[in-house]
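A.B. asks: Structure of the sequence below:
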Amino acid sequence: MLDVGDFSVNPAAPELGGLGVCHVRFGKAMRGSPPRRRAVATVMPWTAEALAQYIGHVRPGYEAGSHPALWLTERGGRISLRADR
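C.D. replies: Coordinates of the predicted model:
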């Protein structure tokens, strides 16, 4: 459920650009509670580089247009558990 817009700058690591923090919107919830939101810092610089390459070079090949999903299927929709089967 990650979207491209779920990433932002980490002030402690500005060299990672806009991929320094991932804002998890649907984290594991406690029993009876809604999903937990949290921010996860990018630790390894190579992960930000790999994501930047995917977003800049691979993802446009899926003709994503304005679709917010980070990971897309070959038909341009959001990858889901059902798409995996």
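
A.B. asks: which residues in this structure form helices?
C.D. replies: If you assign secondary structure with DSSP state H, the helices in the chain sit at 45-53, 81-84.

A.B. asks: Check the ones you listed for me: which has the lowest mean pLDDT.
C.D. replies: Least confident of the helices of the chain, judged by mean pLDDT, is helix 81-84 with a mean of 59.

A.B. asks: Pull up the gap between the closest residue to residue 62 other than its chain neighbours and residue 12, please.
C.D. replies: Nearest residue to residue 62, sequence neighbours excluded (CB to CB, 6 or more residues apart in numbering): residue 72, at 4.4 Å. All C-beta spots, glycine's among them, are computed from the backbone N, C-alpha and C. Counting by CB to CB, to the nearest Å, the gap between residue 72 and residue 12 amounts to 30 Å.

A.B. asks: So which of the two has more stuff around it?
C.D. replies: Relative neighbour count places residue 72 above the other of residue 72 and residue 12, with 18 against 9, counting by other CB atoms under 10 Å.

A.B. asks: Contacts only, for that one.
C.D. replies: The neighbours of residue 72, taking CB atoms under 8 Å, 6 or more residues apart in numbering as the test, are 59, 62, 64, 78, 79.

A.B. asks: cool, residue 25 as well?
C.D. replies: Residues counted as contacts of residue 25 (CB under 8 Å, 6+ apart) are 1, 6, 35, 37.

A.B. asks: Which two among the residues you listed are spaced furthest apart?
C.D. replies: Within the contacts of residue 25, 6 and 35 form the most distant pair, 13.3 Å apart (CB to CB).

A.B. asks: Neighbour count: those two, which is higher?
C.D. replies: residue 6 (16 against 13).

A.B. asks: shouldn't that one be in contact with residue 26?
C.D. replies: No - using CB atoms under 8 Å, residue 6 is not in contact with residue 26, being 10.0 Å away.

A.B. asks: Residue 48: neighbour count?
C.D. replies: Number of residues near residue 48 (other CB under 10 Å) recorded here: 20.
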